[in-house]
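Peer 1: Return a 3D structure for these sequence lines:
(one chain, ligands or ions: 2)
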Amino acid sequence: MTKQTHSFQAEVKQILHLVTHSLYSNKEIFLRELVSNASDACDKLRFEALDHPQLFEDAPTLEVRVSFDEAARTVTISDNGIGMSAEEAIAHLGTIAKSGTREFMANLEGDQKKDANLIGQFGVGFYSGFIVADRITVESRRAGLPADQAVRWTSEGTGDYEVETITKAGRGTDVILHLREGEEEFLKTWRLKSIISKYSDHISLPILMRKEEWKPEEAKSELTDEWEAVNKASALWARAKSEVTEEQYNEFYKQISYDTEAPLAYTHNRVEGRSEYTQLLYIPKKAPFDLWNRDKRGGVKLYVKRVFIMDDAEALMPVYLRFVKGVIDSADLPLNVSRELLQESRDVKAIREGSTKRVLSMLEALADNENAAEKQKYADFWKDFGSVLKEGIGEDHANQERLAKLFRFASTHADEGVSLADYVSRAKEGQETIYYITADSLAAAKNSPQLEIFRKKGIEVLLLTDRVDEWMLSHLYEFEGKPLQSVAKGALDLDKMQDEEEKKKAEEAAEANKPLLDRLKASLKERAKDVRVSTRLVDSPACIVVEEGDMSGHLARLLKQAGQ
Ligand code: ADP
Ligand code: MG
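Peer 2: Ligands and ions are numbered 1, 2, ... in the order given. Down below sits the predicted model:
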């Protein structure tokens with residue numbers, strides 16, 4: 001193919017403009033992004049080579065090299081990974097395939113702190129090269145293609161880019177950054193080394209740089225032809241806990257999650273027994289923007305004996321824990337495991353169960369902590385993730401009990417943070433039921449006439465206003481042997497707590513008002529099953545109740561809204 005000029009997709013132009021202008025204060029991240037692409041490319045090759053070992057050609061050792069040329073003012077990131085064909089270079093470097101670009105841009109345009117981590121999250125990391133470079137040349141050969149079918153892609157990061165066919169002996173990709181005026185700081189070994197160890201230490205491939213040698217006669221160092229690894233090149237999760245600092249754990253989390261903040265909690269364990277694996281799992285502090293998308297990719301990466309197998313391995317975590325990030329490295333699974341196989345594997349089932357328990361333990365440790373700061377952490381977590389955790393009640397029967405204990409609600413006692421255990425501990429003498437009311441808002445719940453009798457008797461009622469609450473209640477019937485019951489349903493078993501005098505009054509009232517009740521019943525024939533004297537109201541004249549086992553009024557309204 002002779003030289004062709006292509007125009008960037010419109011979104012790419014916008015992204016380029018935003019990235020180069022808003023992320024300047026954090027410009028060193030370009031190296032993290034390009035090294036991470038190089039490492040991804042090696043992972044992809046290793047994965048494809050499982051079925052096609054000839055892709056390794058004669059270079060089975062995967063590695064990333066970072067070098068610079070002072071005279072030419074270039075920094076080059078090379079890998080011998082999967083590489084790109086010309087078509088792939090056009091598709092991957094000229095358009096943005098991922099959704100969420102709009103959110104990304106809104107984020108950069110907004111007033112919030114310019115969020116350098118977002119760049120990786122939205123799959124636009126490559127373009128960060130243009131923060132420091134006014135021209136990028138990519139030379140790449142797809143593994144398996146002949147040497148004369150390599151591609152050169154060049155762009156100044158403005159409107160368009162050029163592609164042409166070249167010859168490239170080695171497989172993989174060289175990304176050559178032609179530095180902008182003023183970016184000479186990146187033409188130094190120590191500077192590049194320190195960025196690599198800050199962001200890329202955990203990358204499990206060696207990242208090589210040329211060794212420097214001190215030349216006393218010239219009183220300066222010179223680059224030699226010898227390459228040395230500048231990262232630890234051992235996967236973080238494979239190291240002993242005692243060898244990893246909290247800061248390293250946090251930095252690793254930020255890399256895999258693209259979160260800007262440290263995680264809320266993490267757990268790192270080597271599990272032995274029937275199934276052998278290492279888990280490093282994190283709970284984020286804040287919900288990502290796409291938490292509500294149940295189809296979204298999960299956050300757990302699967303490795304088998306340190307070999308990257310796949311991102312977003314849903315089978316490793318239940319859907320309701322989709323916010324958990326981390327790595328699971330199995331010692332038992334075959335390297336060529338497919339998504340389909342994962343779904344059926346007994347080892348995976350054991351991993352999922354074990355990992356779910358770990359996550360619940362982390363949450364329990366926060367929730368039950370006596371320390372106020374830890375408790376507050378849990379309250380904040382609940383605000384962001386509570387609704388998702390509630391999904392677990394229907395999804396994960398084995399852990400229902402533990403999940404229910406983690407739930408927090410509003411009640412007539414407190415506007416937030418009420419656990420079912422709190423409720424039970426405060427229950428009245430003889431109260432065998434956990435009462436709740438569902439409504440669209442806290443105000444609506446609080447003002448419901450249904451609550452009058454409970455207020456009068458000082459009985460606590462849970463105020464459930466979350467959209468998933470009705471659904472949750474269809475799976476959560478009881479807690480510690482006490483049934484959950486809507487205050488709007490059926491005959492209230494408040495009787496036991498009623499004194500004799502009240503009972504008598506109610507009976508008398510029913511007797512005295514029989515003619516009225518009959519008339520009401522007759523005129524409401526089509527619309528009400530029954531009309532009766534109730535003890536549940538104190539101030540309001542009447543209220544509608546739902547028969548035991550019928551749909552609640554709130555649920556009926558929700559379903560109607562949803563067009564059912
Ligand atoms: P992401 O890495 O999230 O996909 P990037 O903007 O960093 O987004 O990269 C875009 C795409 O370009 C990658 O998905 C990949 O297909 C391709 N790419 C980038 N760098 C390389 C590389 N070194 N080797 C092979 N492909 C690459
Ligand atoms: Mg990337």
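Peer 1: Just give the closest residue to residue 85, not the sequence neighbours.
Peer 2: Sequence neighbours aside, residue 142 is the residue nearest to residue 85 in space, at 4.4 Å (criterion: Cβ to Cβ, 6 or more residues apart in numbering). Where C-beta positions appear, they are placed from N, C-alpha and C, glycine not excepted.
Peer 1: Return the backbone torsion pair for the residue nearest the centre of the chain.
Peer 2: For the chain, the residue lying nearest the average C-alpha position, counting by Cα atoms, centre = their mean, turns out to be residue 323 (3.4 Å). The phi and psi values for residue 323, taken as degrees, to the nearest 10, are phi -80, psi -10.
Peer 1: how much space between it and residue 470?
Peer 2: 22 Å (Cβ to Cβ, to the nearest Å).
Peer 1: ok, now residue 14?
Peer 2: 42 Å.
Peer 1: Same check on residue 222?
Peer 2: On the measure of Cβ to Cβ, residue 222 and residue 470 end up 72 Å apart.
Peer 1: which one of these two has more residues nearby?
Peer 2: residue 470 (19 against 11; other Cβ atoms under 10 Å).
Peer 1: dump the residue contacts of residue 420.
Peer 2: For residue 420, the contacting residues are 404-405, 407, 409, 434, 479-480, by Cβ atoms under 8 Å, 6 or more residues apart in numbering.
Peer 1: where does the stretch 101-250 of the chain come near ligand 2, residue by residue?
Peer 2: residue 125 (Cβ under 5 Å from the ion).
Peer 1: how deep is the closest residue to ligand 2 within the stretch 101-250 of the chain tucked in, by neighbour count?
Peer 2: Using Cβ to the ion, the closest approach of the stretch 101-250 of the chain to ligand 2 is made by residue 125 at 3.3 Å. Other residues within reach of residue 125, judged by other Cβ under 10 Å, total 21.
Peer 1: what does the chain put close to ligand 1?
Peer 2: For the chain, the contact set with ligand 1 under Cβ under 6 Å from any ligand atom comprises 33, 37-38, 40-41, 79, 81-84, 92-93, 123-126, 173.
Peer 1: Just the ones of those residues in strands?
Peer 2: 79, 173 (DSSP state E).
Peer 1: Do I have it right that residue 93 meets residue 138?
Peer 2: Yes: contact criterion Cβ atoms under 8 Å: residue 93 and residue 138 qualify, at 6.6 Å.
Peer 1: Let me know the pLDDT of the residue in the stretch 401-550 of the chain that ligand 2 sits nearest to.
Peer 2: Distances between the stretch 401-550 of the chain and ligand 2 by Cβ to the ion are smallest at residue 468, namely 34.3 Å. pLDDT recorded at residue 468 is 91.
Peer 1: tell me the contacts of the residue nearest to the centre of the chain?
Peer 2: Here residue 323 is in contact with 283-284, 287-288, 291, 299, 385, 388 (Cβ under 8 Å, 6+ apart).
Peer 1: Which of these sits closest to residue 421?
Peer 2: Nearest to residue 421, judged by Cβ to Cβ, of those is residue 385 at 19.5 Å.
Peer 1: how close does the closest one get to ligand 2?
Peer 2: In this view, residue 385 and ligand 2 are 27 Å apart by Cβ to the ion, to the nearest Å.
Peer 1: from memory that residue sits against residue 286, does it?
Peer 2: No: the pair residue 385 and residue 286 fails to qualify as a contact (Cβ under 8 Å) at a distance of 9.1 Å.
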